[in-house]
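Chemist: Sequence first, then the predicted structure:
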Amino acid sequence: MPVVSMTVNGKAVSADVDSRTLLVQFLRENLRLTGTHVGCDTSQCGACVVHVDGKAIKSCTTLAVMCEGAHVTTIEGLANGAELHPMQAAFREHHGLQCGFCTPGMIMSAVDIVARKGNVLDEATIREELEGNICRCTGYHNIVKAVADGAKAMGAGAAKAAE
Amino acid sequence: MSATGIGASVRRKEDIRYITGKGRYTDDINVAGQTYAYFVRSPHAHAAIKNIDASAALAKPGVLSVLTGADLAADQIGGLICGWMIHSKDGSPMKAGGHPALAQGKVRYVGDHVCVVIAETYAQAKDAGEAIVVDYDVLPAAVEMADALAKGAPVIHDVATDNTCFEWHLGDKAATEAAFARAKHVTKLDIVNNRLIPNAMEPRAAVGDYDMGTDSFTLYTTSQNPHVARLVLSAFIGIAPEHKLRVIAPDVGGGFGSKIFIYAEETVCVWAAKKVGRPVKWTGERSESFLADAHGRDHVTHAELALDEKGKAIGLRVHTRANMGAYLSTFASSVPTYLYAPLLSGQYDIPAIYAEVDAIYTNTAPVDAYRGAGRPEATFVIERLMEVAARELKTDPASFRRKNFVKSFPHQTPVIMCYDAGDYVASLDKALELADYKGFAKRKRESAKNGKLRGVGFSCFIEACGIAPSAAVGSLGAGVGLWESAEVRVNPIGTVEILTGSHSHGQGHETTFAQLVSDRLGIPIDNVSIVHGDTDKVQMGMGTYGSRSGAVGMSAIVKALDKIEAKAKKVAAHVLEASEGDIEFKNGKFTVKGTDKEIDFGSVALQAYIAHKFNGQELEPGLKESAFYDPTNFTFPAGSHVCEVEIDPDTGVTRVVNYVAVDDFGELINPMIVEGQMHGGIAQGIGQALLEGAVYNKEGQLITASYMDYTMPRAGDLPSFQTGFTSTRCPSNPLGIKGCGEAGAIASPPAVINAITDALGTEDVPMPATAQAVWRAAQRMRAAQAAE
């Protein structure tokens, strides 16, 4: 079995894995980081979205061995200790989640949208960009509000940090 | 109103774990030594199983066992049950075909459970599953209801040679015929309510565990009602007696009805754990959810509405064929009967109603409750009829509805229900205002200038929820009572644990239930925790569905809190050296009337446990109370939804440009959460109207078995919604609440279809009104106009 090594949420990890092991299986089963979820088997729902080298990817369609040497961030690595990431806080503030199953993927995608599209996001952009994430509970109404507000808060946080 | 009490939009307590990835769903749970199950499923819609050869599979690495229906039978494990008895018109009981958890001799739909492979890893189990050779004798399949009813149709269950499970009716046939005989106008519609696949985002999963030392089982499972699961697994399927079977439903990633039912996979996992002597885990793949989760809706209906010369509805007759699929799922028989026909009266005063429902077996996945369950189907019938009748009478659909509304309460309908409170005019008026109905004609002209067709549609829905008075449902055939339980445990330092038989899988009970307790006891909301979903902790409960957790579950908590307050007053009286009758409780403090003596709730709790200030023989130490609450009536949430669409006739693409929902849910505990429920329900209803539909081909293959083929609503398919409230207090429960979980899914499909048919000028639009279907209808109308 091949050995795979990567950095996950800032920690170096290494394991022997079956070569067909998906990144999501590696995260959930080997590392017991169960915040990343599997909601489908066709790479559609986005519950499994994590960041690999700063970009959002679907960990259900990525082999663990493809991430050799990569820096991976999961939902568990997003908060700064006890301080929530602004996007996490926005999802709670705007009731952007109900059952919570799609939420980790939604939040990881939302952070990625901000990285690509900036801190001021209109509704149409957010709705288009969320195409790869399915939620069955919220009707997206509050997710859209959360992403817009979280994006703003990320901008304000970055501006404050730059001061 | 306090910042965390009843009526406040408190941010949810449970969110912290979900947004940080610390939720604990069934698939997140690993039990030491666990093995993995893979189910071999039927590739055929209908076939006899001649032989299952597992020899090659058993020789594969890591494989521990292959179990079949014969093993279940040998262990005397019973079949899955349907818990609601329906009698046909002629008085005969419904014909329930056997439903073994693993096939016994025959498979009846694609995805049916043939056998299970148990191995050290899931990959090994799946690999071995591929090596199992099943010798099928493929039989002709009846996929559509019409196929199943055709002469010479294949027989799916020997107990129902005509593939008809029951032929049921409700209402007064003679009175209805008389109403039609004197009608001035009759509006007729043929309706297909499309089959849906629930698709909670978390696929079903189960971990079964057996402890040889205590001869007891534990099942972790994705259930909306773990106690009902235990009851069925114990009393009917025969896994183990209840005291030897613990069912835990931890965080559950959405249900929408699909996780009410007791399925084959969960049953097999817990049974197999003892067979193989190791825990057994199964996590469904999405493809399996599509194939084998209970589907929803699937009605074919002919409906007629009789109107008098003033445009007043005087009679309604409905004939529905309801698809049961290949087996009767847990509550399948109740959905097209008592959850359906009693709601056909809608918000209207219709003196005579007669409904006939035939339940038909087909070689498709079982059909059972899905968000709304029967009530969306009923609402679709009456709201399409009302809209079309208004068009035929060339009258405004809003005014037409207003004229026919029930305006005085209580109102006894001819189909069981007694509506207790409501103000349908108020909801409609507010919805018209929010939707700027007056400005519609101008907007339609603007759209037309751009080559677009604009339409507006209404849906004035009512539902019966807060399910349900036990004796009443018992008289209608339910095998269970539908009360709820609560236990309030006050700890010595005054913190509180609430044990509830309700189950939260997205509804936010950890917050709303805590709001109630915080409000009532005057303690901080963080001092309250809600315990649910574990049969070893909560003694008994009926679970969450039918928008019952507020109206029934919280009422049980109120009842237990009443007892807590009564007991605490006795303790306070001893501590404050006053007579019990002089003790008052307000804002978390016990005071003695007419004095400045007081003691806070936490101190009374401590005194209750220290028990120094009273005689323990006369007053029991401790502060813990429980209650069972059985509702006295259903609750009747109602509201008016207005949908506005714009259609591009060249592409058939329908855009929902405005969606207004004004609902009356009685008192609200947490408006933020209520609005969230509305949003989600509306989205599912728009999904049904525009996008979603399960499609089987002629051979019974489900061709919409993935998110590539079954169109789930995505963010870009939906608008933001405008929501509003009116309020009439529910008189039948202590909190005055009606329930909000299903309203959106019940109300929205007819609102959308009414808008589309208004825009196109034809009623002939199927659901889902996909771009292709709308484009075809638009082309037909163009051709018709050109021909004129």
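Modeler: Looks like it arrived, so ask away.
Chemist: Just give me the residue right at the centre of chain A.
Modeler: When chain A is reduced to its mean C-alpha position, the nearest residue by CA atoms, centre = their mean turns out to be A:Met108, at 2.2 Å.
Chemist: my read is that one is in a helix, agree?
Modeler: Yes. When DSSP: H, G, I helix; E, B strand; the rest coil is applied, A:Met108 is found to be in a helix.
Chemist: which non-adjacent residue is nearest it?
Modeler: When the adjacent residues along the chain are set aside, A:Met108 lies closest to A:Val49, with 4.4 Å between them (CB to CB, 6 or more residues apart in numbering or on different chains). From N, CA and C alone the C-beta is placed, and that goes for glycine too.
Chemist: now swap in B:Gln34 and tell me
Modeler: Leaving aside its chain neighbours, B:Gln34 sits nearest to B:Pro279 (4.0 Å; criterion: CB to CB, 6+ apart).
Chemist: That neighbour and B:Tyr220, how far apart?
Modeler: To B:Tyr220, B:Pro279 is 9 Å away according to CB to CB, to the nearest Å.
Chemist: So which residues on the stretch 551-700 of chain B come close to chain A?
Modeler: Near chain A, the residues belonging to the stretch 551-700 of chain B are B:672-673, B:675-676, B:679-684 when assessed by CB under 8 Å from any CB of the partner chain.
Chemist: Run through the residues that contact A:Gln88.
Modeler: For A:Gln88, the contacting residues are A:78-79, A:107, A:150, B:19-20, taking CB atoms under 8 Å, 6 or more residues apart in numbering or on different chains as the criterion.
Chemist: and those residues, which two are the farthest apart?
Modeler: A:Gly150 and B:Thr20 (14.6 Å; CB to CB).
Chemist: and the chain, what are its domains?
Modeler: Let's take chain A. Here the domain parsing of chain A from automatic domain parsing is A:3-77, A:86-162.
Chemist: not what I meant, chain B
Modeler: Chain B resolves into domains spanning B:17-139+B:201-254+B:259-292, B:145-192+B:295-407, B:421-463+B:637-788, B:483-629 when parsed by automatic domain parsing.
Chemist: circling back: the residue nearest to the centre of chain A: what's it in contact with?
Modeler: Under the criterion of CB under 8 Å, 6+ apart, the contact list for A:Met108 reads A:49-51, A:56, A:73-75, A:78.
Chemist: Check what contacts stretch B:130-139 and list those residues.
Modeler: Under the criterion CB under 8 Å, 6+ apart, residues B:40, B:42, B:44, B:46-54, B:56-57, B:60, B:66, B:107, B:114-115, B:117, B:154 lie in contact with stretch B:130-139.
Chemist: if we go to 7 Å?
Modeler: Among residues not part of stretch B:130-139, those counted as contacts by CB atoms under 7 Å, 6 or more residues apart in numbering or on different chains are B:40, B:44, B:46-54, B:56-57, B:60, B:66, B:114-115, B:154.
Chemist: so how far is it off the chain centroid?
Modeler: The chain centroid and the centroid of stretch B:130-139 are separated by 35 Å under CA atoms, centre = their mean, to the nearest Å.
Chemist: gap between the two ends of that stretch?
Modeler: The first and final residues of stretch B:130-139 sit 22 Å from each other (CA to CA, to the nearest Å).
Chemist: could you give the mean pLDDT of it?
Modeler: Stretch B:130-139 comes out with an average pLDDT of 98.
Chemist: Any buried residues in it, and which?
Modeler: Going by neighbour count (16 or more other CB atoms under 10 Å in any protein chain shown), the buried part of stretch B:130-139 is B:131-132, B:134, B:136, B:139.
Chemist: Now do the residue of chain A found nearest chain B: how many residues are near it, please.
Modeler: When distances are taken as CB to the nearest CB, chain A approaches chain B most closely through A:Gly35, which lies 1.9 Å from it. The burial metric for A:Gly35, expressed as a neighbour count using other CB atoms under 10 Å in any protein chain shown, is 26.
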